[in-house]
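**Q** sequence below, structure please.
(chains A, B and C)
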Amino acid sequence: MAKELDKFFESYLSKKPLFKNKKALQDQFTPENISHRDEQIEQMAGILAPALRSEKPSNIFCYGKTGTGKTVVARYVADQIMETAEKRGIPLEIVYLNCKMKRVADTEYRVIAQLCNIFGKAVPATGLPTDEVYKSFVNTIEEKNKLIILVLDEIDQLVEKAGDGILYNLTRLNSELKRSQISIIGISNDLVFVDNIDPRIKSSLSEEELVFPPYNALQLQDILKERVKLAFRPGVLEEGVVEKCSAYAAREHGDARRALELLRVSGEVAERKNKLKIDIKHLDEAEEKIERDRIVDIITTQPKQSQLTLHSIFSLNFNGNKGLFTGDVYDIYKNNCNKCGLKPLTQRRVSDIIAELDMLGVINAKVISKGRYGRTREISLAIPDSSVNEVKEILLDSLNL
DNA sequence: GTCAATTCACATGAAAGAGACCACGGTCTAGTG
DNA sequence: CTAGACCGTGGTCTCTTTCATGTGAATTGACGA
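**A** Residues are numbered from 1 along each chain as shown, chains lettered A, B, ... in the order given. Predicted coordinates for the structure are as follows:
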């Protein structure tokens, strides 16, 4: 066995890798030139430019669907402006914070605490009153005596979880600051997000607005080709792979991130199969794999109660029932709870869990009215047949059934 | 047959509670000089 | 005398429960044709 493994590694190394630089296909990568976003880059640069004269730039609000280049553009412009500022010794600091990161920046307290930490003031992860942390934050940046640009990525997630109070406080902060100033760049995936926040905050937050429209298939192709040059060794892609890949992604609202992921995974699939080229079949496989991984990932990270709810839906579904309703699921769920020793939750909560599972795309749950027979959710599985068994295994395993 | 009222089985909202975390400050304890 | 262990307090955060209110169409039953 040891010898075989030895051989395996040898042959692995002797193989010519398909990838030249895989990083170019990953999320955090900031390419040197960004195609089809010149307009946004120019606008953003124009708005932020006053920072170089130590004047507070307007707050910017960027929105557009996922994978339309918002983050990349923001990072790119930030990098460039920082470079200039450093060269000239201009007191400017740009902080990037992704509000979606769980347990790091998804509540008001944590965002402020995180910012304090970034600015070099240690603040406990919890335990202090929020206004205390605010004070500490104000003092810290006041000491800095700098212009600060705060990039809040996925700001919609933050507001959804923590309310818009934090934005209000942040925008108001400038009046308390004497020596430093803060500008905010908010980035949101949610297009209607601005309509739901307090109009006062809205007006101060989105002094300038940048819209990022989805890429169309041709633009995606350009972007992919650009990255392919960086990421793969020449000639490893079959004809038509890039085209099909961008077509896939364009169908999904022009999401460039997804297109890049698809390409990366196809490369990995082909590599694992010892192929010298990546063809369209690999692309299909990659798509399936991404979807399967996504679902498996979602399910394994769910809390036990959610898993049990899902398991109950599974077992009902397997008995051939077509119309599954909340009440049925809850009955089975309660039985299952007894079986594996969990304390059953109330129906109210299970109803929410079902809604959450629907949001995650694991099941379809549609609210229907059955007239005299009440209102309920009609539930069905949204998992492709090919992964149903795998998921079932995972659930049984995780629940010790 | 038509129409409004009724009714069901939850959905959906709001508020409050429980329990896990965490830091802080005070007190106790054991080790050190 | 001091560092570290140990507690109680006061705060946040997440997950739940409790209580209240909302909802949409099948059903019902009165009414008129």
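
**Q** next, count neighbours for the residue of chain A found nearest DNA strand B.
**A** Proximity of chain A to DNA strand B (CB to the nearest atom of the strand) peaks at A:G374, 1.7 Å away. Glycine gets a C-beta too; all of them are placed from N, C-alpha and C. For A:G374, the count of nearby residues is 11 (other CB atoms under 10 Å).

**Q** please report how far it lies from A:D397.
**A** Distance from A:G374 to A:D397, counting by CB to CB, to the nearest Å: 36 Å.

**Q** just A:H253 next, same as before
**A** Taken as CB to CB, the span from A:H253 to A:D397 is 35 Å.

**Q** between these two, who's got more neighbours?
**A** Using other CB under 10 Å as the criterion, A:H253 and A:D397 rank with A:H253 on top: 14 against 10.

**Q** quick one, phi/psi of the residue of chain A closest to DNA strand B?
**A** Backbone torsions of A:G374, given as degrees, to the nearest 10, read phi 90, psi -180.

**Q** next one: A:F325
**A** According to degrees, to the nearest 10, A:F325 has phi -120, psi 160.

**Q** please report how far A:I295 lies from A:A382.
**A** 9 Å.

**Q** and these two? which has more neighbours close in?
**A** Higher neighbour count among A:I295 and A:A382: A:I295, with 21 against 14, using other CB under 10 Å.

**Q** quick check: that one touching A:I383?
**A** Yes: counting by CB atoms under 8 Å, A:I383 is a contact partner of A:I295 at 5.9 Å.

**Q** distance check, the residue in the stretch 51-200 of chain A that DNA strand C sits nearest to against A:D284.
**A** In the stretch 51-200 of chain A, the residue that lies nearest DNA strand C is A:Y109 (2.8 Å; CB to the nearest atom of the strand). Look at A:Y109 and A:D284: by CB to CB, they are 45 Å apart.

**Q** who's more crowded, those two?
**A** Legend: neighbour count by other CB under 10 Å for A:Y109 and A:D284, higher for A:Y109 (20 against 15).

**Q** in the helix or strand harbouring the more buried one, what counts as buried?
**A** Secondary structure assignment for A:Y109, by DSSP states H and E: helix A:108-118. Neighbour counts over helix A:108-118 (16 or more other CB atoms under 10 Å) mark A:108-116 as buried.

**Q** C-alpha coordinates for the helix or strand where A:E378 lies, PDB please?
**A** A:E378 belongs to strand A:375-381 when assigned by DSSP H and E. The C-alpha trace of strand A:375-381 is given here as PDB (Å, rounded to 0.1, in the frame of the first residue of the first chain):
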ATOM      1  CA  ARG A 375     -54.000  27.600   5.500                       C
ATOM      2  CA  THR A 376     -50.700  25.800   5.600                       C
ATOM      3  CA  ARG A 377     -47.500  25.300   3.700                       C
ATOM      4  CA  GLU A 378     -47.300  22.800   1.000                       C
ATOM      5  CA  ILE A 379     -43.900  21.200   1.300                       C
ATOM      6  CA  SER A 380     -41.800  19.300  -1.200                       C
ATOM      7  CA  LEU A 381     -38.100  18.400  -1.500                       C
END
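
**Q** any part of the next helix or strand after it near DNA strand C?
**A** Helices and strands here follow DSSP H and E; after strand A:375-381, the next one along the chain is helix A:385-399. No: using CB under 7 Å from any atom of the strand, helix A:385-399 stays clear of DNA strand C, with a minimum separation of 13.9 Å.

**Q** in helix A:385-399, what's buried?
**A** Applying a neighbour-count criterion of 16+ other CB under 10 Å, one finds A:387, A:391-392, A:394-395, A:399 buried in helix A:385-399.

**Q** columns distance to A:L52 on top of those, output as a markdown table?
**A** Converted to a markdown table, those look like this (distance: CB to CB, whole Å):
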| residue | distance to A:L52 |
| --- | --- |
| A:S387 | 52 |
| A:V391 | 53 |
| A:K392 | 59 |
| A:I394 | 53 |
| A:L395 | 56 |
| A:L399 | 58 |
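
**Q** now name the helix or strand holding A:Q43.
**A** Per DSSP H and E: helix A:38-48 holds A:Q43.

**Q** and for A:I295 and A:A382, which residues touch both?
**A** Counting by CB atoms under 8 Å, 6 or more residues apart in numbering, the common neighbours of A:I295 and A:A382 are A:361-362.

**Q** how about the strands in chain A?
**A** A:60-64, A:92-98, A:147-153, A:181-188, A:208-212, A:324-325, A:363-369, A:375-381 (DSSP state E).

**Q** now tabulate those in CSV and tack on distance to A:F19 and mean pLDDT.
**A** Putting the strands of chain A into CSV (distance: least, CB to CB, whole Å; pLDDT from 0 to 100) gives the following:
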stretch, distance to A:F19, mean pLDDT
strand A:60-64, 29, 88
strand A:92-98, 26, 86
strand A:147-153, 27, 88
strand A:181-188, 29, 88
strand A:208-212, 29, 89
strand A:324-325, 44, 90
strand A:363-369, 36, 92
strand A:375-381, 36, 93
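
**Q** now these as JSON lines including mean neighbour count and distance to DNA strand C?
**A** Below are the strands of chain A laid out as JSON lines (neighbours: other CB atoms under 10 Å; distance: least, CB to the nearest atom of the strand, whole Å):
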{"stretch": "strand A:60-64", "mean neighbour count": "24", "distance to DNA strand C": "24"}
{"stretch": "strand A:92-98", "mean neighbour count": "18", "distance to DNA strand C": "14"}
{"stretch": "strand A:147-153", "mean neighbour count": "24", "distance to DNA strand C": "16"}
{"stretch": "strand A:181-188", "mean neighbour count": "23", "distance to DNA strand C": "19"}
{"stretch": "strand A:208-212", "mean neighbour count": "18", "distance to DNA strand C": "28"}
{"stretch": "strand A:324-325", "mean neighbour count": "21", "distance to DNA strand C": "13"}
{"stretch": "strand A:363-369", "mean neighbour count": "15", "distance to DNA strand C": "4"}
{"stretch": "strand A:375-381", "mean neighbour count": "17", "distance to DNA strand C": "4"}
